[in-house]
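J.: fold the following for me, if possible:
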Amino acid sequence: MQQTLFLGNLDAQRDWGFAGDYVEAMWRMLQLEEPEDFVIATGQVHTVRSFVEKAAALCDFDLAWEGSRENEIGRDTKTGRVLVKIDPRFYRPTEVDELRGDATKAREKLGWQPEASFEELVSMMMESDLKLVEKQERLLWGP
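T.: Residues are numbered from 1 along each chain as shown. Model (predicted):
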């Protein structure tokens, strides 16, 4: 519902995964006779920037980046509206550039692997958020 999204490090790389896939991995862990430690991850990294770009495209925004570091913004080229701004408060003091998990043991011992792709994850999240916005607008403005 906000007009501008404020973020920190757009270039942080993260191993984004679908919670439903991770719950499946947890269930498989619970089926073992003896408890073991596992890393549950996709093994693929995508930047925060990439996540934002895919989410914006799903909302029919044509996002273009201008500036750099704390002065970088993401603007919708169709309307000129600034959609994304950097807020240095959201930079983490001990930022890790890349967080990537290795789920080899989970694949081998549990037969588990993630099913949802990064693109599907972004789409599911945006669909959920857009439904929430629609619901809030109906509550505010009526049917």
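J.: what's the burial count for the nearest residue to residue 71 once chain neighbours are set aside?
T.: With sequence-adjacent residues excluded and distances taken as C-beta to C-beta, 6 or more residues apart in numbering, residue 71 is closest to residue 86, at 7.2 Å. The way it works is simple: take the backbone N, C-alpha and C, and place the C-beta from them, glycine included. For residue 86, the tally of surrounding residues (other C-beta atoms under 10 Å) stands at 20.
J.: cool, and residue 132?
T.: Neighbours around residue 132, by other C-beta under 10 Å: 11.
J.: give the rounded mean pLDDT of the helix or strand it falls within.
T.: Assessed by DSSP states H and E, residue 132 sits inside helix 118-141. Helix 118-141 comes out with an average pLDDT of 90.
J.: same check, this time on stretch 97-104
T.: For stretch 97-104, mean pLDDT is 95.
J.: now stretch 38-58
T.: For stretch 38-58, mean pLDDT is 97.
J.: picking that back up, need the contact list for the residue nearest to residue 71.
T.: Contacts for residue 86 (C-beta atoms under 8 Å, 6 or more residues apart in numbering) come out as 6-8, 10, 69-73.
J.: any chance of those in a markdown table with distance to residue 133, secondary structure and pLDDT as columns?
T.: Formatted as a markdown table, the contacts of residue 86 follow (distance: C-beta to C-beta, whole Å; DSSP: H, G, I helix; E, B strand; the rest coil; pLDDT from 0 to 100):
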| residue | distance to residue 133 | secondary structure | pLDDT |
| --- | --- | --- | --- |
| 6 | 18 | strand | 97 |
| 7 | 19 | strand | 97 |
| 8 | 23 | coil | 95 |
| 10 | 23 | coil | 96 |
| 69 | 30 | helix | 87 |
| 70 | 28 | helix | 90 |
| 71 | 29 | helix | 94 |
| 72 | 25 | coil | 96 |
| 73 | 22 | strand | 98 |
